[in-house]
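Visitor: based on what follows, work out the 3D shape:
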Amino acid sequence: MIKLFRFIYGFKFCPLKTLLVSSVSIFLLSACNSGGVEQCLKDETCGPAIEVLRISGDLPIDPTDPLWNSPNAPRQVRVELEPQMITNPKWPNPSIRFVNVSAVRNDTELAIALEWEDATKDKSYGVSAMYLDMAAVMFPLKSQGEPPAITMGNDGDMVNIWQWKDVQANGNIMGFKNKSDSQRLSDPGIEDLNAEGFSTLTTQDHQDVTGKGFWADNKWKLVLKRNLKTKDENDVQFEKSSLMAVAVWNGSNKERNGQKGLAGWLLLKLA
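Guide: This is a model prediction of the structure:
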C-alpha cells in the first residue's frame, strides 16, 4: 500500500497532523522530511490521538462497569470507518461508519474500549460461522521505519491484532480449552493474533488478551485488555505510545475477512 502511494504521489510517507478524526486523513501524504514511525510518535503527528487515561486500581473488562460510563471515564474519540478498497475482496459500503474509541491504563495493564451503533446482534455458537459481528485493533510490532501496510502488515513487517467475535461460550470452541481461568471470564471470541499481510492471519500459541462485548439499545460496547508488557516477542510491547488501527464487521451486512469498515493508523497516546 505504501509503495502504491509513493508511486502515485511521488512523496515519502508522512502522516499529517489533523483535527479531522477520519481515517482518510491518515493516508494523506506530504513531501515533508519524515522519520517514519519513531518520529511521528515523538512529535505526535501520527494521526488522531486516543489519549490513554492513567488510573490506579483494576481495569474492568465489563463494558457496563462505571469506569466506562462515569464523568471520570476516559475521553472517547469518534473515528470514521472507511471502506476497505485496498485489496480484494474490496468493500465499498460498510454499514458501520463510526466507532467511538477510548483507552485507560494502570501501572501494568492497558484496556481499550470500542463503541458503535448496530441495530442487529449477530451471534453464533461457534467461530466457524459465516457472518458474525466482529471488531479488532491492530498494532505494528516495530516502532521504527515506515508503518506496515494497513492490510494486516506485510512480509517481514508483522502486526499484532486483538480480535473479538460475538460467539457464545462453549467449552468446545477452538482455543477456549487452552485459556486460563481469568481468560475464561472474558468472551470466548477473543483472540490474540499476528499477520504479515493479507490472508496470513495466525493465532498465537499463548493468548494474552481478555475482553468482553455487550449489546443493548442497538449499540455494541467492547473492552479489550492486556498487560502493557509480555514475554511474547510476537506481542506489541507498550513501553511508549503506539500506532493503532481499528476495524469493525457487521454480520447482518454479510461482512467478513476484508469486507469491513476500517480506520487507518491512529495514535494511541500513553500517559
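
Visitor: just give the number of residues close to Q144.
Guide: For Q144, the count of nearby residues is 11 (other C-beta atoms under 10 Å). To be clear about C-beta, it is placed using only N, CA and C from the backbone, and glycine gets the same treatment.

Visitor: repeat that for L228.
Guide: Residues lying near L228 (other C-beta under 10 Å) number 15.

Visitor: do the same with P92
Guide: By the criterion of other C-beta under 10 Å, P92 has 8 neighbours.

Visitor: now do the same contact list for it.
Guide: Neighbouring residues of P92 by C-beta atoms under 8 Å, 6 or more residues apart in numbering: P83, M85.

Visitor: what's the answer for A113, then?
Guide: Going by C-beta under 8 Å, 6+ apart, A113 touches 63, 68, 74, 76, 100-104, 221-224.

Visitor: tabulate those (a markdown table), appending secondary structure.
Guide: Below are the contacts of A113 laid out as a markdown table (DSSP: H, G, I helix; E, B strand; the rest coil):
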| residue | secondary structure |
| --- | --- |
| P63 | coil |
| W68 | helix |
| P74 | coil |
| Q76 | coil |
| N100 | strand |
| V101 | strand |
| S102 | strand |
| A103 | strand |
| V104 | strand |
| K221 | strand |
| L222 | strand |
| V223 | strand |
| L224 | strand |
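
Visitor: mind listing what's buried along stretch 191-207?
Guide: Counting neighbours by 16 or more other C-beta atoms under 10 Å, one finds that the buried residues in stretch 191-207 are E191, D192, L193, N194, A195, E196, G197, F198, L201, Q204, Q207.

Visitor: farthest pair in the contacts of A113?
Guide: Maximum pairwise distance among the contacts of A113 (C-beta to C-beta): 15.1 Å, between Q76 and L224.

Visitor: ok, these two, which is more surrounded?
Guide: It is L224, of Q76 and L224, that has more neighbours when counted by other C-beta under 10 Å, with 26 against 16.

Visitor: and the pLDDT at the closest residue to the more buried one other than its chain neighbours?
Guide: Leaving out its chain neighbours, the residue that sits closest to L224 by C-beta to C-beta, 6 or more residues apart in numbering is G211, at 4.0 Å. As predicted, G211 sits at a pLDDT of 96.

Visitor: got phi/psi on G211?
Guide: When read as degrees, to the nearest 10, the backbone of G211 gives phi 170, psi 170.

Visitor: for the closest residue to T120 other than its chain neighbours, give its distance to K121.
Guide: The shortest distance from T120 to any non-neighbouring residue, by C-beta to C-beta, 6+ apart, is to S252 (4.3 Å). Distance from S252 to K121, counting by C-beta to C-beta, to the nearest Å: 9 Å.

Visitor: how about W68?
Guide: According to C-beta to C-beta, W68 and K121 sit 19 Å apart.

Visitor: next one: A113
Guide: Relative to K121, A113 is positioned 18 Å away (C-beta to C-beta).

Visitor: over to E51?
Guide: Using C-beta to C-beta, E51 is found at 30 Å from K121.

Visitor: would you agree M158 is in contact with E233?
Guide: No. Judged on C-beta atoms under 8 Å, M158 makes no contact with E233 at a distance of 9.7 Å.

Visitor: neighbour count winner among these two?
Guide: M158 (22 against 8).

Visitor: any idea what the residue positioned nearest the centre of the chain is bridged to?
Guide: Nearest to the mean C-alpha position of the chain, by C-alpha atoms, centre = their mean, lies V137 at 1.0 Å. In this structure, V137 bridges to W162, V246 when assessed by DSSP bridges.

Visitor: next up, the contacts around it.
Guide: Counting by C-beta under 8 Å, 6+ apart, V137 touches I112, L114, I161, W162, L224, M244, A245, V246.
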